[in-house]
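**Student:** Sequence plus predicted model, see below.
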Amino acid sequence: MKPIYLKIHVSIFAIFISVFTITKAFAEDARNAPLAAHEHGHGTLMIAQDGNELLVELHLPGADVVGFEHRPENHDQEHAVEMAIKNLKDASKWLGLTKSASCRIDEAHVSSPLAGNEGGHKDEAHEDTHNDHTHEHAEENHAEFMAEYHVHCEAPSRLNGFDIDLFKVFPSLKEISFKAVVSKGQYGGQLNASQASIRF
């Protein structure tokens with residue numbers, strides 16, 4: 001399953017990158033609102049379609065997801081990070097897909113430097129150094145949550161848009177920059193609480 005997933009991941013984003021790099025309008029948009037920028041209250045969303053498959057990638061500032069961007073300092077903050085990851089893994093909480101397209105989320109991956117030792121290393125001698133480095137890394141990069149979803153649609157031709165309810169889940173979010181490459185065309189722009197749908 002993993003090799004297939006990785007192959008699809010690479011092929012979809014190869015398409016995504018190539019299309020947007022050769023499209024002047026989207027290149028101009030990217031200069032004005034780069035997807036990589038980290039700003040509190042501002043998230044980014046990328047959607048790429050390859051036949052029946054959709055790859056959805058979401059980046060959100062830690063401050064908007066859990067209220068802080070440093071390593072958890074107590075049990076409550078650790079719990080907040082754990083719950084955030086659990087909630088983000090359930091994309092049905094915020095991603096609305098055209099029902100007639102019969103889409104299902106096959107895989108969901110969520111990561112963040114705030115989650116701590118994700119690699120499962122237990123080397124006592126390096127634990128403190130690792131924690132200090134992760135803390136500095138999180139602070140330096142304005143720690144984010146990154147979520148990736150692999151979606152399969154039985155009737156992709158019926159897919160006519162997405163409803164993005166992240167503003168209800170994370171009220172401090174003000175804006176989401178999105179870019180999408182789907183079979184019906186290329187789309188990009190800004191979403192907010194009053195305009196949270198992508199239509200094509």
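**Tutor:** That came through fine.
**Student:** Which stretches in the chain count as strands?
**Tutor:** Remark: strands assigned in the chain by DSSP state E are 42-50, 53-61, 95-97, 103-111, 144-153, 161-164, 175-182, 185-191, 197-199.
**Student:** tell me the pLDDT at K99?
**Tutor:** Note on K99: pLDDT of 94.
**Student:** Could you check how far it is from R158?
**Tutor:** In this view, K99 and R158 are 9 Å apart by Cβ to Cβ, to the nearest Å. Yep, even glycine has a C-beta here, placed from its N, CA and C like the rest.
**Student:** re the thing from before, can you tell me which of the strands of the chain is nearest to N74?
**Tutor:** Closest to N74 of these, according to Cβ to Cβ: strand 144-153, at 19.3 Å.
**Student:** Run through the residues that contact H40.
**Tutor:** Residues near H40 by Cβ atoms under 8 Å, 6 or more residues apart in numbering: 61, 63-64, 172.
**Student:** Let me have those in JSON lines, extended by pLDDT and distance to E144.
**Tutor:** Formatted as JSON lines, the contacts of H40 follow (pLDDT from 0 to 100; distance: Cβ to Cβ, whole Å):
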{"residue": "P61", "pLDDT": "96", "distance to E144": "6"}
{"residue": "A63", "pLDDT": "94", "distance to E144": "9"}
{"residue": "D64", "pLDDT": "95", "distance to E144": "9"}
{"residue": "S172", "pLDDT": "94", "distance to E144": "14"}
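**Student:** In CSV, list those residues along with neighbour count.
**Tutor:** What follows is those, written out as CSV (neighbours: other Cβ atoms under 10 Å):
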residue, neighbour count
P61, 22
A63, 19
D64, 22
S172, 12
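**Student:** can you tell me which of those are in helices?
**Tutor:** Taking DSSP state H as the definition of helices, those contribute 63-64.
**Student:** Could you check which of K99 and R158 has the larger neighbour count?
**Tutor:** With neighbours defined as other Cβ atoms under 10 Å, K99 and R158 compare such that R158 has more, 14 against 8.
**Student:** What's the separation between the more buried one and Q49?
**Tutor:** From R158 to Q49 the distance is 13 Å (Cβ to Cβ).
**Student:** what does H59 give?
**Tutor:** Per Cβ to Cβ, H59 is found 19 Å from Q49.
**Student:** try C103
**Tutor:** Using Cβ to Cβ, C103 is found at 11 Å from Q49.
**Student:** Give me the common contacts of those two.
**Tutor:** With Cβ under 8 Å, 6+ apart, C103 and Q49 have common neighbours L159.
**Student:** coming back round to it: which of the contacts of H40 sit farthest apart?
**Tutor:** Longest span within the contacts of H40, Cβ to Cβ: P61 and S172, 8.9 Å.
**Student:** Give me the common contacts of the two.
**Tutor:** Joint contacts of P61 and S172 (Cβ under 8 Å, 6+ apart) are 40-41.
**Student:** picking that back up, rebuild the contacts of H40 as JSON lines, extending it with distance to Y187.
**Tutor:** Shown next, in JSON lines, are these (distance: Cβ to Cβ, whole Å):
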{"residue": "P61", "distance to Y187": "23"}
{"residue": "A63", "distance to Y187": "27"}
{"residue": "D64", "distance to Y187": "23"}
{"residue": "S172", "distance to Y187": "25"}
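**Student:** Perfect, I'm done here.
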